[in-house]
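1. predicted model and sequence below, questions to follow.
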Amino acid sequence: MNIHEYQAKELFEKFGVPTPKGQVADTPEAAREAAQGLGSEIVVKAQVHAGGRGKGTFKNGFQGGVHLVKNADEAATIAEKMIGQTLVTHQTGEEGKLVSKVMIADAVDIEKEYYLAILMDRESRSPVIVASTEGGVNIEEVAEKTPELIHNEKIHPLLGLQPYEIRNVASKLGFSGDTAKQFAKLLKGLFKLFMECDCSMVEINPLVTTPDGQVLALDAKFDFDDNALYRHPDIQELHDPTEEDPREVEAAKYDLNYIGLDGNIACLVNGAGLAMATMDIIKHCGGEPANFLDVGGGATQEQVRNAFKIILGDPNVKGILVNIFGGIMDCDVIAKGIVAACGEVNLNIPLVVRLEGNNVAAGKETLANSDVDLIAADTLADAAEKAVAAIAA
Amino acid sequence: MAILVDENTKVLIQGITGSFGGRHAQLSLDYGTQLVAGVTPGKGGQTFGGSVPIFDTVEEAVAETGATVSAIFVPPPFAADAILESVDAGVDLAVAITEGIPVMDMMRVRAAMLGSKTRLIGPNCPGVVTPGLGKDSHGGCRIGIAPGYIHKRGKVGVVSRSGTLTYEAVYQLTNLGLGQSTCVGIGGDPINGTSHLDIMKMFNEDPETEAIIMIGEIGGTAEEEAAAWAKDNCDKPIAGFIAGATAPPGRRMGHAGAIVSGGMGTAEAKMEAMRDAGIEVAQNPSDMGAALVRAMG
């Protein structure tokens, strides 16, 4: 799960990670008020998850989702042009994202930019601090071209962050004296935040030093462990469903694992591994999968029905491939779900069904006795070939 | 022989009175597995299915019944505690079926397990099956949630991160007349107890296992490590498959661990590492059984 910049700022404040002075506003008047206590250089930033805001364009023709202004009146004027408008950036797709809030903050004089992140490293099974003197740029490029400029500090999973580890990182970044002290406080707060909020990643890029000697987090990216959200109701509240594919939001309501893709053959599969493998075999047979959809190991008839509705809501879908290996799951339950779904939605595209496993005979009979027009398949390869052929016909 | 478990292994189930745990406890009993105890705090003294005693703690269950393996069906908020309890009670093997355990919890569990005698399989895994000699492989040891009847006792070792994709592979093998020594699902989470490599080493040393299928998916580098080891250390024929070649980068594909990030963990890189190690890579998921036949020459 991702969060907005203003939400990241609020989390940082809670954990003592310093950020430029400022606050969020959802009306031009609020933007004016927010700007009043600030300095003579103020930045107004549209709040969407996507990157590339500065170079984006609003659908009303207004250029740029990030603007520098001199005073509160100008901040209100710019806010008015952003709030309620749709911003298109290279990451949003052409449909863009609706901006409902803007951040109003002090524009900071930057002396130098750094990179600082903490992430959960699966190989070492521990948190790792990643730091670099090369901030404000794409860190993956830095890692590829100049790996020596990236410092990794593994933290013991049970002991947590030790003072010498903080000194190590500070030294690698070239901090000394008061700057090192400020950095130590920031890193301690950041690590506490990472652990206490069950983050899988928190990234500050850039972390900056200012001519007047401050160390500040200028922009942040968070990723939280979805499995742990149950114990963080406050973080769950930061979730903004308008930032996500509406089909994925809908699927989550029914405990379905759905990810929309660009192809035209929809898949409905039980199990994540088999669902990925089904996408792969569609591609192998010359087709393009329209989605990843795992109905889970114990899907109910109701879930199958809703899954059908969601995949049929994608206008690109030209055919459906159902692939079920009913280990413990009863194939007949799936079959009944398919029949129920097809009874409700007017299915006018090819449907290929491959059922295998537990109670498969009853499942096939349910399908055969229904008036659902479907193409039966025996193996996974057979199903994929038939699906690809059916949409070409 | 097989690996990890056989038909004589005594098994207990933590969370046996839950609907999920109870259902699979019954299926394991029906399969002929030596399920000797259940553990549910507060329900000690009751029995499951009329014959399996339930205890309040794993320690009591182990002391009273001699169980050496625990299967964990406890819901995510309590699963880390349940794993640590089984480790403390000294079981040889803990198999965590639970899906959705926070990564931080698993990180701490793994760190706390250092130096213990217990091996952890999972979490978020289908479990372990050593097929029996009876009809539909009845009489074997089934720990977890895999369908018993698709198996057949034989000589192929199966290791995989996924559930249904493993069943697909096992079923292909069985239909080709190739039985299995042991099938191990190591789970789809980013931090788990046992890797592909750990299981490959066991299969390599198991005299009953004559060939191996290794099924992986995108994310992490566990498959690459196992392949690199096999290149120099394993003479048994190996077939492999990697799911997720068509998955978009940066997205979690159902399994928390199945994510390509920063160009790491792609299906292409894993398949290349497998080919480099002389592993016969299945062209598509329908080809897994046939790939093993090719590998066995």
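-> Here it is on my side, so go on.
2. now do the same contact list for the residue of the stretch 51-200 of chain B found nearest chain A.
-> Across the stretch 51-200 of chain B, the shortest distance to chain A (Cβ to the nearest Cβ) belongs to B:Ser162, at 2.3 Å. Bear in mind the C-beta positions are built from the backbone N, C-alpha and C, glycine included. Contact analysis of B:Ser162 by Cβ atoms under 8 Å, 6 or more residues apart in numbering or on different chains lists A:Gly271, A:Ala272, A:Gly273, A:Leu274, B:Pro126, B:Gly185, B:Gly188, B:Ile215, B:Glu217, B:Ala243, B:His255.
3. which secondary structure state is assigned to the closest residue to the last one other than its chain neighbours?
-> In space, B:His255 comes closest to B:Gly188 once its chain neighbours are excluded; the distance is 3.0 Å by Cβ to Cβ, 6 or more residues apart in numbering or on different chains. Reducing the assignment to helix, strand or coil with DSSP: H, G, I helix; E, B strand; the rest coil, the entry for B:Gly188 is coil.
4. for the closest residue to B:Thr130 other than its chain neighbours, give me its contacts.
-> Nearest residue to B:Thr130, sequence neighbours excluded (Cβ to Cβ, 6+ apart): B:Ala2, at 4.2 Å. Counting by Cβ under 8 Å, 6+ apart, B:Ala2 touches B:Thr130, B:Ser181, B:Thr182, B:Asp206, B:Glu208, B:Thr209.
5. burial measure for B:Phe48, as a count.
-> Neighbourhood size, B:Phe48 [other Cβ atoms under 10 Å in any protein chain shown]: 21.
6. kindly report the same for A:His90.
-> Using other Cβ under 10 Å, A:His90 has 10 neighbouring residues.
7. list phi and psi for it.
-> Here is the backbone geometry of A:His90 (degrees, to the nearest 10): phi -70, psi -10.
8. pretty sure it sits against A:Gly52.
-> Yes - between A:His90 and A:Gly52 there is a contact at 4.6 Å, judged by Cβ atoms under 8 Å.
9. got the contact list for residue 116?
-> Looking at chain A here, since you left the chain open. Contacts for A:Leu116 were tallied using Cβ under 8 Å, 6+ apart; they are A:Ile129, A:Val130, A:Ala131, A:Gly135, A:Leu187, A:Leu190, A:Glu203, A:Ile204, A:Asn205, A:Leu207.
10. the chain in question should be chain B.
-> B:Val87.
11. can you rerun that using 10 Å?
-> Shown in contact with B:Ser116 (Cβ atoms under 10 Å, 6 or more residues apart in numbering or on different chains): B:Leu84, B:Val87, B:Asp88, B:Gly90, B:Val91, B:Ala94.
12. just to be sure, it is in a helix?
-> No - assigned with three-state DSSP, B:Ser116 falls outside any helix and is coil.
13. check what pLDDT it gets.
-> At B:Ser116, the pLDDT value in this model is 97.
14. how close does the residue of the stretch 51-200 of chain B closest to chain A sit to B:Gly265?
-> B:Ser162 sits at a distance of 15 Å from B:Gly265 (criterion: Cβ to Cβ, to the nearest Å).
15. if we can go back for a sec, buried subset of the contacts of B:Ala2 as a PyMOL selection?
-> Buried subset of those, written as a PyMOL selection, criterion 16 or more other Cβ atoms under 10 Å in any protein chain shown:
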select buried, chain B and resi 130+181+182+206+208+209
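16. tell me which of the contacts of B:Ala2 fall in strands.
-> Among these, DSSP state E puts B:Thr130, B:Ser181, B:Thr182 in strands.
17. could I get the contacting residues of the nearest residue to the second one once chain neighbours are set aside?
-> Distances taken as Cβ to Cβ, 6+ apart put B:Thr209 closest to B:Ser181, at 4.3 Å, once the chain neighbours are dropped. When the contact criterion is Cβ under 10 Å, 6+ apart, the partners of B:Thr209 are B:1-3, B:154-158, B:180-182, B:202-203, B:236.
18. show me which of the residues you listed is closest to B:Gly15.
-> Using Cβ to Cβ, B:Thr182 is the member of the contacts of B:Thr209 that lies nearest B:Gly15, at 23.5 Å.
19. now do the contacts for residue 224.
-> Since no chain was named, I'll use chain A. A:1-3, A:197-202, A:232, A:235-236, A:238-239 are the contacts of A:Phe224 under Cβ under 10 Å, 6+ apart.
20. wrong one, chain B
-> Neighbours of B:Glu224 in contact, by Cβ under 10 Å, 6+ apart: B:His196, B:Leu197, B:Gly216, B:Met264, B:Gly265, B:Ala269, B:Lys270, B:Glu272, B:Ala273, B:Met274, B:Asp276, B:Ala277.
21. distance from the centroid: which residue in chain B tops it?
-> B:Gly45 (30.3 Å; Cα atoms, centre = their mean).
22. and chain B, is the host helix or strand of A:Pro206 touching that?
-> Per DSSP states H and E: A:Pro206 is located in strand A:199-209. Yes - legend: contact between strand A:199-209 and chain B by Cβ under 10 Å from any Cβ of the partner chain is shown at A:Cys199, A:Ser200, A:Met201.
23. just checking, what packs against that strand?
-> helix A:5-14, strand A:112-121, strand A:126-132, helix A:177-196, strand A:215-217, strand A:220-224, helix B:103-113 (3 or more Cβ pairs under 10 Å, 6 or more residues apart in numbering or on different chains; DSSP states H and E).
24. now the weakest link among these, please, by mean pLDDT.
-> strand A:220-224 (a mean of 91).
25. circling back to that earlier point, strand partners (parallel or antiparallel) of the strand holding A:Pro206?
-> According to DSSP bridges, strand A:199-209 forms sheet pairs with strand A:112-121 (antiparallel), strand A:215-217 (antiparallel), strand A:220-224 (antiparallel).
26. from those, which stretch is densest packed?
-> Most buried of the strands paired with strand A:199-209 by mean neighbour count (mean count of other Cβ atoms under 10 Å in any protein chain shown) is strand A:215-217; its value is a mean of 23.
27. interface residues of the stretch 101-250 of chain A facing chain B?
-> So the stretch 101-250 of chain A meets chain B at A:119-127, A:139-140, A:143-144, A:156-159, A:194-201, A:223, A:225-232, A:248 (Cβ under 10 Å from any Cβ).
28. among those, name the buried ones.
-> A:119-122, A:125-127, A:139, A:143, A:157, A:194-195, A:197-201, A:223, A:225-229, A:232, A:248.
29. and stretch A:90-102, how far apart are its ends?
-> With Cα to Cα, to the nearest Å as the measure, stretch A:90-102 spans 19 Å from end to end.
30. from the chain's centroid, how far away is it?
-> 14 Å (Cα atoms, centre = their mean, to the nearest Å).
31. what comes up buried for stretch B:227-245?
-> B:227-230, B:234, B:236-245.
32. an error on my part: the question was meant for stretch A:2-19.
-> Using 16+ other Cβ under 10 Å as the test for burial, stretch A:2-19 gives A:2-9, A:11-12, A:15, A:17, A:19.
33. just give the nearest non-adjacent residue to the residue in the stretch 1-150 of chain A positioned nearest to chain B, would you?
-> Closest to chain B within the stretch 1-150 of chain A is A:Arg122: 4.2 Å, counting by Cβ to the nearest Cβ. Nearest residue to A:Arg122 in three dimensions, chain neighbours excluded: B:Pro190, at 4.2 Å (Cβ to Cβ, 6+ apart).
34. what pLDDT is listed against the one you found?
-> Predicted confidence (pLDDT) for B:Pro190: 91.
35. again with the one 10 residues further on
-> Looking at B:Met200, its pLDDT reads 97.
36. I'd say it and B:Ala230 touch.
-> Yes - the pair B:Met200 / B:Ala230 is scored as a contact, 5.9 Å apart, by Cβ atoms under 10 Å.
37. got any residues that touch both of those two?
-> Both B:Met200 and B:Ala230 are in contact with B:Ile212, B:Met214, B:Lys236, B:Ile238, where contact means Cβ under 10 Å, 6+ apart.
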